[in-house]
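>>> predicted model and sequence below, questions to follow.
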Amino acid sequence: MTIFLTLIFAAVLGVLTGSIVNATVLRTKAGLPLMSRAKCLSCVEPIHWFDLIPVLSYFLLKGRCRRCSAAIEWQYPVVEIAMGLLFALFALRIILGLGIPSYITGSEQGILFIRDALLSVFLVIIFLYDFRFSVIPDKFSIPAIILVVLFNCLLGASTFSMLLGGLALGGFFSLQFLVSRGQWVGGGDIRMGLLMGFLLGLPLGLVSLFLAYVLGAFGGLVLLVSGHRSPQSHVPFGTFLAGATIITLIFGPLILNSYLALLY
Ligand SMILES: [Zn+2]
């Protein structure tokens, strides 16, 4: 029963956080202050509190503004539900003790949850922002790097592994940046590499990088075939990097172990 309640609590927290993530992405793009009152993007009328309940309001309103009937972006419920599931997974992982980094002691599990929850906020923002607006804003990637370093030091992660991860992944993108004179990757990708490397260390950082390329290849194909992108258009690689990082954060040790089991 306690486990069930813990998962429900984590999921509700995730759904509410998803609401904040949606608002942050769309308000940052529109240049609006983050803490302003919610308004319809079409009729600019303030939205009542009872129409702002995450997930529920979208379905009760059938995806339309109560006043002007303009369509509400489906990004809202999708991100809210996804973050609810994500937070529940972070909690479940701790409850089951699956794939917990070896440097985490029993009393640090709460801090691990906070780190992963907080980091996933930045990663989902980057995921959405690059997908929709083709840029990884520094105002999200740099604070995330600082948070990762602070949390990992607090949790006693190996400094060596962290530095090696940052060097390997940050270096990987820096090299491509230098060779192509900024044509293949941008500065945002270098900062994403640092974030992933510091967060996951080695070898998990490499797992996430590999996963990002696999997701990128599949995702790029799906976007192309479905007509969402043309062959010439920008591939939102930051989206795949952020997605791969979240997957590795949860399933990385399991992926790595099953891969190693195949080898031996
Ligand atoms: Zn409206």
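Looks like it arrived, so ask away.

>>> quick one: what helix or strand has the closest residue to the ion within the stretch 151-264 of the chain in it?
The ion sits closest to His228 of the stretch 151-264 of the chain, with a gap of 25.9 Å, by CB to the ion. Using the backbone N, CA and C atoms, a C-beta is placed for each residue, glycine as well. His228 is part of no helix or strand, with elements assigned from DSSP states H and E.

>>> Arg66: what's its closest spatial neighbour, skipping adjacent residues?
Asp51 (5.8 Å; CB to CB, 6 or more residues apart in numbering).

>>> what's the burial count for the one you found?
Look at Asp51: counted by other CB atoms under 10 Å, it has 18 neighbours.

>>> okay, it and Ser69: tell me how far apart.
13 Å (CB to CB, to the nearest Å).

>>> and stretch 34-45, which residues are buried?
Across stretch 34-45, burial judged by 16 or more other CB atoms under 10 Å covers Cys40.

>>> then stretch 126-133?
Residues of stretch 126-133 classed as buried: 126-131 (neighbour count, 16+ other CB under 10 Å).

>>> show me how far the strand or helix carrying Phe90 is from its chain's centre.
Assigned by DSSP H and E, Phe90 falls within helix 75-96. Using CA atoms, centre = their mean, to the nearest Å, the mean C-alpha position of helix 75-96 is found 11 Å from that of the whole chain.

>>> and it, what's buried?
Buried, per 16+ other CB under 10 Å, within helix 75-96: 75-77, 79-84, 86-91, 93-94.

>>> now do the helix or strand where Leu221 lies: distance to the chain's middle.
In the assignment (DSSP H and E), Leu221 maps to helix 204-225. Remark: helix 204-225 is offset 15 Å from the chain centroid, using CA atoms, centre = their mean.
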